[in-house]
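Undergrad: Build me a model:
(one chain, ligands or ions: 1)
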Amino acid sequence: MVRRRCLEQRAKQRVTMATNFRISVAASGVLALCMCVAPLRTPSGTTPNIKHIAMGRCFNYITLVNPGIRSDCEEIWQAFEEAVLGQTSCDVAAERYRRMFRAMPQMGACDRFLLWSKTRMLIQDYTAVARDLWTLEDTLAGYMFNDLVWCGQREDSDFNFGSCPEWSACLHHPVNSLWRQASKIFGEMACGNVTVLLNGSIEKAFNRNSMFGSVELDSLNPLRVRYVNIKVVTNLDGPFIESCTKGSVVDLIHILQARGFRWTCSDNDRILTILQCVRKPDHSACRTRADSQAVK
Ligand code: DVN
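TA: Take a look at the predicted model:
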């Protein structure tokens, strides 16, 4: 999904916003809390060299990442172009990608599926250490199209490299539609123990309008899934807004119960805390017992 690209944009924007913020605070002379504003997504056009990037990733995946997979990268790309080109930039329904997804059949091993929402930063660290867990971005589709942006234009048979609309501007945004179809297939594939990583430092850690909340959750099959293991993670410094017993996570648990899923929920997963401590080793939450005894 649009991750690293957002990170780069967000990093750039953060510098801009911080600079502006510093100027405004200095000017006003008022000590203001550093409010974490929602990132502005600067609309951009189709990722340059998208064909070379996606095809290169495809060949890399079927050769090095998952050599067992039998997919034809040329066929996948051709089906992708057929789905997107010649359509207006807001009119690519998820169904248009059906032929492409048929060209990239994939099955995941049970007990490895990891779903997530609003925890993008932690997911990369988590899957780097929990190597047995498998996210959508580890599938061929997710691997090929992660971080890319694309849209077509009716009057032209090429991609629109000038500008693509925001997801919210379209009923059938080409990027959102591909991720919806990929998420639906991923959710239907999920089996055994499924892990769900949610962010307890925001309101609506479980958001019914998110991709997890609106597509993957409804694609899970209680006959295939043995347990849904929810992990709620909060920033080390908080805020501590939601948890297994507070807020929208409770709604998720009610939905799982009503649909016949067995579930667990944890607010303080040790691996996730350690992962956060890697980035903030001096944080009080990261002091081991030895450290605290040494401090006396
Ligand atoms: O379970 C995962 C994964 O398997 C996939 O199925 O979707 C689930 C995560 O999607 P989500 O539940 O919508 O969670 P997020 O964190 O809101 O969005 C996931 C990614 O889509 C993020 O990289 C979002 O970029 P962001 O917000 O971190 O800069 C990206 N995204 C969400 N809404 C977007 C968007 N990118 C562009 N435009 C939007 N409107």
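Undergrad: Helix, strand or coil: sort out the residue lying closest to E82 once chain neighbours are set aside for me.
TA: Distances taken as CB to CB, 6 or more residues apart in numbering put R99 closest to E82, at 6.9 Å, once the chain neighbours are dropped. For the C-beta atoms, the positions are set from N, CA and C on the backbone; glycine is no exception. Put simply, R99 is helix when judged by DSSP: H, G, I helix; E, B strand; the rest coil.
Undergrad: roughly how far apart are R99 and I230?
TA: Separation of R99 from I230 (CB to CB, to the nearest Å) stands at 35 Å.
Undergrad: between those two, who's got more neighbours?
TA: In this view R99 and I230 are compared by other CB atoms under 10 Å, and I230 has more residues nearby, 23 against 15.
Undergrad: for H172, which residues make a bridge with it?
TA: Beta-bridge partners recorded for H172 (DSSP bridges): D91.
Undergrad: Please name the residues that touch L217.
TA: Under the criterion of CB atoms under 8 Å, 6 or more residues apart in numbering, the contact list for L217 reads G187, L252, I255.
Undergrad: what's the closest of these to the ligand?
TA: G187 (7.3 Å; CB to the nearest ligand atom).
Undergrad: so what's the closest one up against?
TA: L115, V215, E216, L217, D218, S219, L220.
Undergrad: again, only this time at 7 Å
TA: Contacts for G187 (CB atoms under 7 Å, 6 or more residues apart in numbering) come out as V215, E216, S219, L220.
Undergrad: Likewise for F59?
TA: C73 are the contacts of F59 under CB under 7 Å, 6+ apart.
Undergrad: Return the helix or strand in this protein with minimum mean pLDDT.
TA: helix 4-28 (a mean of 40; mean pLDDT, DSSP states H and E).
Undergrad: Tell me which stretches of the stretch 151-296 of the chain form helices.
TA: 174-189, 211, 217-219, 248-258, 270-279, 289-295 (DSSP state H, counting those that start in this stretch).
Undergrad: so can I have a markdown table of those helices showing mean pLDDT and distance to the ligand?
TA: Formatted as a markdown table, the helices of the stretch 151-296 of the chain follow (pLDDT from 0 to 100; distance: least, CB to the nearest ligand atom, whole Å):
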| stretch | mean pLDDT | distance to the ligand |
| --- | --- | --- |
| helix 174-189 | 98 | 3 |
| helix 211 | 97 | 3 |
| helix 217-219 | 98 | 9 |
| helix 248-258 | 98 | 12 |
| helix 270-279 | 90 | 16 |
| helix 289-295 | 61 | 33 |
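Undergrad: I am finished for the moment; much appreciated.
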